[in-house]
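Sequence first, predicted model second:
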Amino acid sequence: MLLLSFMMIAGSAAAKSGEKDVEVTITPKEKNGSFSDKTKVLYLLKIKNGLAQEQIGTVSYTVSMEGGKEISNRTYDIKVPGNKKYETEFSIPHNYEGVFDISFQIQLTNITSKLDFRFAYSIGKKQKFNSGKDLSKAKTVPVEGPEEAKAAEDEGEIIVKLTPAHKNGTWLGPGQINYAVRLQNKYKEAQEGTLAYTVKDAVKGTLVFEKTYDIRLKKKSIKNLTFKIDPPPLPGIYNIDLAINTTSYDDTVHYTFGYEVDQINSPFHKPDDFDEFWKKALDELAQVNPAYKIEESESKSNEEYKAFRIEMTSLENVRIWGWLTVPRTILKGKKYPAVLIFPGYQVMMKPLFFHDFIGLSLNVRGMDKSSEAYPIPKEDEILTFHVQDPLKYIYRGIYMDCIRGLDFLRANQEMGVDPDRITVLGGSQGAALSLVVAGLRNKQIQTCIADVPIYCDMHANLEMEPQIKEEAFTFKYINRFLDKNKGSFTKEDFLQNFSYFEVQNFVPNIRCTVLMAACFRDALAPPPTVFYAFNKLHPWVHQNSEIYTFPEFAHAIPDVHNLFKNTWMYEKLVNSTKKKKHG
């Protein structure tokens, strides 16, 4: 995400070639390197390729305990065109309290480097770690290139920023799309050249508008301009590529806006036997004895909540588990609203505490690939595991695991659950699962909260691949799987089978209010696909639901929206009686 300019640079490395270089900067989102279950472990990666040669390679991280025991690692493919910048955010799955070491390895065409950090992680109230050091500082161990990058203000650059006239980045009606443009020349010399932008459809990449300006910037100066863009011919999401080319500087920045977003839509890709397919899955699940098990966890409980480790048996007799949290203030015989939270992609859920709510954090199959209950070979990915056969595809089981979690809440009302006040909630994959459950069990969900849901329209998602600037695991894993099965399984085969699992096919059956969020820099849940799903809601549901957009964010939402989600849940579940759903 790009709203991180307030952070100090924590670690950097550079490889020089003549007057230009390749610079890599990694920065923790939290200034002091202290994270919690409320903030996530997030690091921002910036690569500035000052060379004409494309930089190709990998960035990987390893998280270790202070004693050196490795607890997680991951590798990402990176490609940065010549004379371009690259930014992305690492969200590090983490569930352990304490102080940890994280090491980033960067291997690109012209630079190999290692950046070491230390971070703290706490659960519950944010702790202050008296380590005596700023945990955000990195030790730089360069293999190639100087030990530190040159400071930006010494080398010179031009900072380009576009700010939409509408903060949410969307426009309705025939008026022009206006952006304020700020150009800051940090060079000690005047700069002359051009400023050009194109507007393209975000799905197909079709050019709809372009314009070029001649510019002259005085040394160490700031120039403010206004772009007035004619409305696009059709409703949709559109990308702006803004290129600046001057005496000493060349760069392109990317922005996205929405036009008439309430009219954005796409065709269904729904198999003829879709309803029968899922009726059969639900019938199979109903025949499985859930064998619920509930055990109080003293280590996870606290003064305000009791925490319980729960287990249950799901489809194919797979044993799944999760965490149930119950406020100690619950009175015997009184019912409380419940929140059912689903995991992101390969994320292990931990206990989550909600004031005045019962919480169930569910760990579905596949999130722990080493689990004895549902092991997955290390070389396989969840997204493509058994996708060749819809009846064996892992997401058939995952969707039913989520239904079993809902069954648990309804079957254990003695824990204080009000079965008429249940919400489903999640982000990314968890958002997709929330929408699916709300569609499959539409009479049992009071409200649904889905942040940046993936898998909404995979047909459009894959069509967008050439237009998406950032790396996304969806493209990476699907393309790798298709390459591995070349000649026996095609992209068309994948899409045909995935049609049974595409989120937008479940959405029209939802009969509760929905709160959604879309981020315009999101490569995993591209905003067109999110609107394709939202605009397929039943008319009554659509009228009573809301979607919020964040033009400067990638695959995450701002804290202010998290606060609003709490308000939404209170309004729908605590401060109002159960309303009759539209049938």
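It's in. Here the structure is a predicted model, which means the values were calculated and not measured.

Remind me what the longest helix seen in the chain packs against, helices and strands.
With secondary structure taken from DSSP state H, the chain has its longest helix at helix 394-411. Under the contact criterion of 3 or more C-beta pairs under 8 Å, 6 or more residues apart in numbering; DSSP states H and E, helix 394-411 touches helix 274-286, strand 305-313, strand 319-327, strand 336-341, strand 358-363, strand 417-427, helix 429-440. C-beta coordinates here come from the backbone N, C-alpha and C atoms, glycine included.

most packed of the ones you listed?
helix 429-440 (a mean of 27; mean count of other C-beta atoms under 10 Å).

After that helix, which helix or strand is next?
Following helix 429-440 in sequence order, the next helix or strand is strand 447-451 (DSSP states H and E).

same question for that following strand, mean pLDDT?
Taken as a whole, strand 447-451 has a mean pLDDT of 97.

pLDDT below threshold where in the stretch 451-583 of the chain?
575-583 (pLDDT under 70).

the strands in it, which residues?
For the stretch 451-583 of the chain, the strands defined by DSSP state E, counting those that start in this stretch cover 513-519, 546-550.

any idea how far residue 454 is from residue 276?
25 Å (C-beta to C-beta, to the nearest Å).

Ends of stretch 544-564, what's the gap?
16 Å (C-alpha to C-alpha, to the nearest Å).

buried residues in that stretch?
The neighbour-count check on stretch 544-564 (16 or more other C-beta atoms under 10 Å) flags 545, 547-558, 561, 564 as buried.

same deal with stretch 509-521?
Buried, per 16+ other C-beta under 10 Å, within stretch 509-521: 509-521.

quick one, helices of this structure?
Taking DSSP H, the helices of the chain run over residues 152-155, 274-286, 394-411, 429-440, 458-463, 473-484, 491-498, 527-534, 539-543, 559-569.

Include distance to residue 227 when you put these into CSV, please.
Output for the helices of the chain, formatted as CSV (distance: least, C-beta to C-beta, whole Å):
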stretch, distance to residue 227
helix 152-155, 25
helix 274-286, 44
helix 394-411, 42
helix 429-440, 33
helix 458-463, 27
helix 473-484, 30
helix 491-498, 37
helix 527-534, 20
helix 539-543, 32
helix 559-569, 27
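
Could you name the stretch from those that's closest to residue 253?
The closest approach between residue 253 and any of those, judged by C-beta to C-beta, belongs to helix 152-155 at 15.6 Å.

Give the rounded mean pLDDT of the closest one.
The model assigns helix 152-155 a mean pLDDT of 44.

oh, and call the first residue 45 from now on, that's how I've got it
Got it, first residue is 45 now, which makes that one helix 196-199.

Where do the domain boundaries of the protein fall?
Listed domain ranges for the chain are 55-189, 197-307, 318-514+548-618 (source: automatic domain parsing).

coming back round to it: quick one: closest of the helices of the chain to residue 493.
When these are compared (using C-beta to C-beta), the closest one is helix 603-613, at 5.6 Å.

all strands of the stretch 195-344 of the chain, in order?
202-208, 214-215, 221-229, 235-245, 251-261, 265-273, 280-290, 294-303, 337-340.

Point out the most buried one among the ones you listed.
Scoring the strands of the stretch 195-344 of the chain by mean count of other C-beta under 10 Å, the most buried comes out as strand 214-215, with a mean of 22.

rewinding a little: mean pLDDT and distance to residue 528 for the strands of the stretch 195-344 of the chain - can I get that in a markdown table?
Below are the strands of the stretch 195-344 of the chain laid out as a markdown table (pLDDT from 0 to 100; distance: least, C-beta to C-beta, whole Å):
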| stretch | mean pLDDT | distance to residue 528 |
| --- | --- | --- |
| strand 202-208 | 92 | 41 |
| strand 214-215 | 96 | 40 |
| strand 221-229 | 94 | 43 |
| strand 235-245 | 95 | 32 |
| strand 251-261 | 94 | 35 |
| strand 265-273 | 93 | 43 |
| strand 280-290 | 95 | 31 |
| strand 294-303 | 93 | 31 |
| strand 337-340 | 96 | 39 |
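
how about those strands, which one is nearest residue 144?
Counting by C-beta to C-beta, residue 144 lies closest to strand 337-340 out of these; the figure is 28.1 Å.

That closest one: how far from the chain's middle?
For strand 337-340, the separation from the chain centroid amounts to 32 Å (computed by C-alpha atoms, centre = their mean, to the nearest Å).

partners of it in the sheet?
strand 349-357 (antiparallel) (DSSP bridges).

closest to residue 165 out of the strands of the stretch 195-344 of the chain?
strand 337-340 (24.3 Å).

Touching that closest one from outside, list them.
Outside strand 337-340, the residues that touch it by C-beta atoms under 8 Å, 6 or more residues apart in numbering are 350-356, 368, 456, 459.

hang on, the earlier thing: with respect to residue 138, which of the buried residues of stretch 588-608 is nearest?
residue 600 (15.0 Å).

ok so, going back, rebuild the domains of the chain as a markdown table, extending it with distance to residue 527.
Listed next are these as a markdown table, based on distance: least, C-beta to C-beta, whole Å:
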| stretch | distance to residue 527 |
| --- | --- |
| domain 55-189 | 13 |
| domain 197-307 | 23 |
| domain 318-514+548-618 | 11 |
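
and of these, who's closest to residue 531?
domain 318-514+548-618 (13.2 Å).

what distance separates that closest one from the centre of its chain?
14 Å.

burial measure for residue 458, as a count.
By the measure other C-beta atoms under 10 Å, the count of residues near residue 458 is 8.

go on, residue 581?
With neighbours defined by other C-beta under 10 Å, the count for residue 581 comes to 24.

Let me see the contact set for it.
Contact analysis of residue 581 by C-beta under 8 Å, 6+ apart lists 551-552, 554, 558, 589.

how close does it sit to residue 617?
Applying C-beta to C-beta to residue 581 and residue 617 gives a distance of 19 Å.

just residue 584 next, same as before
Taking C-beta to C-beta, one finds residue 584 at 19 Å from residue 617.

got it, and residue 569?
Distance from residue 569 to residue 617, by C-beta to C-beta: 25 Å.

More neighbours: which of these two?
residue 569 (30 against 22).

which residue sits closest to that one in space, ignoring its chain neighbours?
residue 496 (4.2 Å; C-beta to C-beta, 6 or more residues apart in numbering).

Angles on the backbone of that neighbour, please.
Main-chain torsions, residue 496, degrees, to the nearest 10: phi 40, psi 60.

which residues are in contact with stretch 604-614?
Outside of stretch 604-614, the residues within contact range by C-beta under 8 Å, 6+ apart are 381, 383, 398, 400-401, 467, 469, 491, 493, 495, 559, 561, 592, 594.

ok, now with 10 Å
Stretch 604-614 is contacted by residues 82, 381, 383, 398-401, 465, 467, 469, 471, 490-491, 493, 495, 557, 559, 561, 563, 590, 592, 594, 597, 601-602, 619-620 when judged by C-beta atoms under 10 Å, 6 or more residues apart in numbering.
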